[in-house]
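1. Build the 3D model from these lines:
(one chain, ligands or ions: 1)
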Amino acid sequence: MSGTKRVGLPHTAERAERARRLLARMTPAQKIGQMTQPERLHITPAQVRAHHIGSVLSGGGSTPGRNRPADWVAMNDAYWAASMEEDDRHLAIPILYGVDAIHGNGNVLGATIFPHNIGLGATRDADLIERIGRTTAREVLAAGVDWTFAPTLAVARDPRWGRTYESYSEDPALVTAYADRIVKGLQHSNGRGEGVAAGLAGVGPEGVVACAKHWVGDGGTAAGVDQGDTRADEDELHRLHIAPYVAAIEAGVHTVMVSLSAWNGEKCHAHRQLIQDVLKGRLGFRGFVVSDWNGVEPLARAYDDAIVMAANAGIDMFMVPESWREFIAGLTHAVERGAVPMERIDDAVERILRVKFACGLFDRPRPRVRPGSNGDCFGSREHREVAREAVRKSLVLLKHEGGVLPLDRSARILVAGRNAHDRGRQCGGFTVEWQGVSGNDRIVGGTSIWEGIRAAAPRAQLCTNGGARADTADFDAAIVVIGERPYAEGLGDIREEGPVRAGASNLPPGPGALRPYGDTLELATLHAGDLRTVRGLAARGIPVVAVLVSGRPMVVNDELAASTAFVAAWLPGSEGVGVADVLFGDHDFTGRLPFSWPREMRGANSAPGNDGRVLFPLGYGLRLGAVE
Ligand code: GLC
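-> Okay, the predicted model is just below:
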């Protein structure tokens with residue numbers, strides 16, 4: 001593994017000493033509780049106190065009350081209060097609450113939802129990435145939450161992976177260029193030790209704890225199988241997948257989440273070399289390492305053995321949504337029998353405490369009285385304008401003929417396509433629900449792509465039947481919004497054979513193993529109606545502007561051929577109006593492909609020698625009137 005200069009988590013000597021003094025007071029039970037992270041549905045505030053729990057999380061779609069910021073603040077306040085009650089059995093150590101705010105605080109109704117990372121990769125605008133981080137952090141704090149499991153630093157190498165949209169690019173250099181900026185944005189910090197606000201060395205007063213994930217090589221698995229096996233030698237692993245983490249650590253990221261995938265056949269959750277020796281040793285990471293969802297269980301037949309493997313590999317906090325009691329018992333037993341040395345426990349707990357001190361958690365008041373809680377900024381116009389700008393800059397023009405763009409605002413525009421008026425679909429996964437939602441009613445605020453078009457072009461009409469019964473003489477052009485429905489993780493995989501099996505995507509085992517998204521990247525096979533609509537209108541003499549809403553590059557040769565213009569819009573999020581901003585000429589197309597675009601299925605992955613199967617190369621993007 002090539003040498004890498006050491007970098008460190010920003011923390012002052014005084015805070016480090018506070019962590020050490022507190023550690024010295026803790027009992028083994030209090031230490032192990034601090035390493036335990038249950039999911040909110042399976043732990044009460046009283047249990048947080050009784051078992052000295054260090055963190056609680058919301059899985060995707062796990063939301064309190066009416067799922068508004070006030071409900072989240074109330075929930076977090078109750079957990080925080082319980083964790084801070086000190087008596088002769090319990091020490092006051094504030095819990096850290098974690099959520100997947102990976103494209104805005106996506107769980108919460110009314111949040112500003114940004115384009116998913118794949119669209120942000122198309123912007124090539126690192127300054128914007130930092131602004132998005134800062135804006136997201138404010139909306140996370142508005143819910144009384146301190147920690148987001150973001151950024152994803154995956155370098156996705158095969159669009160058959162269901163998490164491709166969580167990756168900024170197939171190009172490690174682009175992911176690396178974004179890594180430090182998104183970390184500084186989320187944490188509202190200037191990087192190592194140059195904290196921006198009084199008393200908080202690594203996190204500004206409007207910042208949250210960031211989490212670089214998933215360590216390491218999650219985007220490089222064979223055939224893009226989620227939680228599959230990344231086969232690479234050490235140099236390739238570093239060049240493609242480790243490099244972005246160096247930048248994130250340099251920027252002072254406080255936590256790293258381990259990948260559920262494997263490297264050369266060995267699960268990352270049990271990989272001592274990767275976690276202890278490389279991440280904590282060579283790269284000098286001084287924050288704490290958190291497991292992924294039930295990432296320990298698959299490591300060994302016996303849960304106790306799996307716990308020993310993961311703890312000794314260097315994992316510090318364990319995301320054990322339901323099995324937190326078994327985890328505590330298993331780790332306690334492992335320490336008692338010497339299978340996990342107390343020094344390892346102390347290292348884990350000191351890291352957790354160091355992060356909590358460095359982020360000022362001990363100095364912050366309870367959630368319900370914090371200045372950021374229930375903040376007016378949540379879903380505000382100012383925030384939505386940042387997201388709208390990101391949408392504009394994310395659009396990639398792949399085809400443009402006959403000067404059909406920009407469209408005239410006075411033109412008679414026929415709008416069709418399943419994804420034209422669907423804010424849920426344009427947001428994609430990890431939005432309100434783990435798997436995302438379809439329709440408009442659960443995306444509070446924002447605009448669908450159709451709503452943006454209607455505002456720009458008063459004579460536009462939305463045709464719900466694909467325009468089949470429209471009199472084409474009545475229209476000058478058509479905009480057809482095509483593409484995928486929402487998905488997340490392994491349920492978004494394109495698998496050429498077999499279901500999504502437990503262990504290959506961490507889903508409940510048994511006969512109900514869930515089906516992947518499909519077995520091909522060909523849109524015409526996955527969603528045949530899209531091509532019928534495009535071809536139907538084109539055949540009747542209407543120039544068609546196709547807009548693809550998808551979490552990845554897809555094989556769209558037929559749709560391209562039938563369209564006069566073709567735009568990749570990725571998963572734009574809540575501000576669909578940004579699409580109309582560009583289609584009607586307020587802004588030019590500036591987006592460039594963050595992934596190479598396949599001509600065929602076999603051209604999908606970025607393996608060398610696939611050049612002949614690539615339709616549009618990484619970086620491709622037309623501008624109106626000029627070719628990039
Ligand atoms: C999921 C994902 C991870 C996420 C975590 C908590 O399985 O792999 O990215 O942060 O669980 O929802």
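
2. Residue 294 reaches residue 320, doesn't it?
-> Yes. At 6.9 Å, residue 294 counts as touching residue 320 under the criterion of CB atoms under 8 Å. (Glycine included, C-beta is placed from N, CA and C.)

3. what about these two, which has more around it?
-> Here residue 294 and residue 320 are set side by side on neighbour count (other CB atoms under 10 Å), and the busier one is residue 320, at 27 against 18.

4. show me what contacts the more buried one?
-> Residue 320 is in contact with 36, 37, 38, 291, 294, 296, 326, 327, counting by CB atoms under 8 Å, 6 or more residues apart in numbering.

5. what's the answer for residue 222, then?
-> Listed by CB under 8 Å, 6+ apart, the contact set of residue 222 reads 228, 229, 230, 231.

6. Can you tell me how far the first one is from the ligand?
-> If I follow you right, that is residue 228. Residue 228 sits 13 Å away from the ligand, going by CB to the nearest ligand atom, to the nearest Å.

7. ok so, going back, buried among the contacts of residue 222? Make that a ChimeraX selection.
-> Buried members of these, identified by 16 or more other CB atoms under 10 Å, are gathered into one ChimeraX selection as follows:
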select :228,229,230
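
8. a markdown table for the contacts of residue 222, including pLDDT and secondary structure?
-> Supplementary listing: the contacts of residue 222 in a markdown table, determined by pLDDT from 0 to 100; DSSP: H, G, I helix; E, B strand; the rest coil:
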| residue | pLDDT | secondary structure |
| --- | --- | --- |
| 228 | 92 | coil |
| 229 | 94 | strand |
| 230 | 97 | strand |
| 231 | 96 | coil |
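
9. For residue 542, state which of the contacts of residue 222 is nearest.
-> Set against residue 542, the nearest of these by CB to CB is residue 228 (43.6 Å).

10. separation between the residue nearest to the closest one when sequence neighbours are not counted and residue 387?
-> Once flanking residues are discounted, residue 228 sits nearest to residue 221: 3.5 Å by CB to CB, 6 or more residues apart in numbering. With distances taken as CB to CB, to the nearest Å, residue 221 is found 31 Å from residue 387.

11. likewise residue 535?
-> Here residue 535 is placed at a distance of 33 Å from residue 387 (CB to CB).

12. ok, these two, which is more surrounded?
-> For residue 535 against residue 387, the residue with the higher neighbour count under other CB under 10 Å is residue 387, and the figures read 25 against 18.

13. Neighbours of the residue in the stretch 301-450 of the chain that the ligand sits nearest to, how many?
-> Nearest residue of the stretch 301-450 of the chain to the ligand (CB to the nearest ligand atom) works out as residue 319 at 6.6 Å. By other CB under 10 Å, the residues close to residue 319 number 25.

14. Please apply the same query to the one 3 residues further on.
-> A total of 13 residues lie near residue 322 under the criterion other CB under 10 Å.

15. Tell me the pLDDT of the closest residue to it other than its chain neighbours.
-> The shortest distance from residue 322 to any residue other than its chain neighbours is 4.9 Å, reached at residue 42 (CB to CB, 6+ apart). On the pLDDT scale, residue 42 is placed at 98.

16. pretty sure residue 42 contacts residue 321?
-> Yes. Here residue 42 reaches residue 321: they are 6.1 Å apart, a contact under CB under 8 Å.

17. Pick out whichever of these two has more residues nearby.
-> When residue 42 and residue 321 are compared on other CB under 10 Å, the one with more neighbours turns out to be residue 321, at 19 against 15.

18. Skip the chain neighbours and tell me the closest residue to the more buried one.
-> residue 39 (3.4 Å).

19. Residue 569 in helix, strand or coil?
-> strand (DSSP: H, G, I helix; E, B strand; the rest coil).

20. so how far is residue 407 from it?
-> Going from residue 569 to residue 407 by CB to CB gives 15 Å.

21. Run a quick neighbour tally on residue 20.
-> Using other CB under 10 Å, residue 20 has 13 neighbouring residues.

22. show me the contacts for it.
-> Under the criterion of CB under 8 Å, 6+ apart, the contact partners of residue 20 comprise residue 350.

23. Over to it. Which of the three states is it?
-> When the rule is three-state DSSP, residue 20 gets the label helix.

24. Please state the mean pLDDT value computed over stretch 252-269.
-> For stretch 252-269, the mean pLDDT works out to 96.

25. Can you list the buried residues in it?
-> Buried residues in stretch 252-269, counted by 16+ other CB under 10 Å: 252-263, 267-269.

26. Which ones, among the residues you listed, also lie beside the ligand?
-> With CB under 6 Å from any ligand atom as the criterion, the subset of those in contact with the ligand comprises residue 260.

27. What are the buried residues along the helix or strand encompassing residue 177?
-> Per DSSP states H and E: residue 177 is located in helix 172-187. Judged by neighbour count (16+ other CB under 10 Å), helix 172-187 contains these buried residues: 172, 174-187.

28. now do stretch 336-344
-> Of the residues in stretch 336-344, those scored as buried under the neighbour-count criterion (16+ other CB under 10 Å) are 339, 340, 344.

29. ends of that stretch, how far apart?
-> Counting by CA to CA, to the nearest Å, the length from the leading to the trailing residue of stretch 336-344 is 13 Å.

30. middle-most residue in the protein, spatially?
-> For the chain, the residue whose C-alpha lies nearest the mean C-alpha position (CA atoms, centre = their mean) is residue 102; its distance is 3.6 Å.

31. got the residues of the stretch 101-250 of the chain near the ligand?
-> Within the stretch 101-250 of the chain, the residues that sit near the ligand (CB under 6 Å from any ligand atom) are 149, 213.

32. Which residues are in contact with the closest residue to the ligand within the stretch 101-250 of the chain?
-> Using CB to the nearest ligand atom, the single residue of the stretch 101-250 of the chain nearest to the ligand is residue 149, 3.5 Å away. With contact taken as CB under 8 Å, 6+ apart, residue 149 is in contact with 57, 98, 99, 100, 101, 102, 211, 213, 257.

33. hang on, the last one packs against residue 292?
-> Yes. Using CB under 8 Å as the test, residue 257 is close enough to residue 292 to be in contact (5.7 Å).

34. Just give me the residues shared between the contact sets of those two.
-> Residues touching both residue 257 and residue 292 (CB under 8 Å, 6+ apart): 213, 214.

35. on that earlier part again, for the residue of the stretch 301-450 of the chain closest to the ligand, which residues make a bridge with it?
-> Using DSSP bridges, the beta-bridge partners of residue 319 come out as residue 37.

36. before we move on, back to that, now, which of the buried residues of stretch 252-269 lie within helices?
-> Under the assignment DSSP state H, the buried residues of stretch 252-269 contribute nothing to helices.

37. Leaving out the residues flanking it, which one is nearest to residue 411?
-> Leaving aside its sequence neighbours, residue 411 sits nearest to residue 476 (CB to CB, 6+ apart; 4.3 Å).

38. ok, that neighbour to the ligand distance?
-> Taken as CB to the nearest ligand atom, the span from residue 476 to the ligand is 45 Å.

39. ok, that residue - contacts?
-> Counting by CB under 8 Å, 6+ apart, residue 476 has contacts 408, 411, 412, 413, 542.

40. likewise residue 400?
-> Remark: with contacts taken as CB under 8 Å, 6+ apart, residue 400 is in contact with 564, 565, 566, 622, 624.
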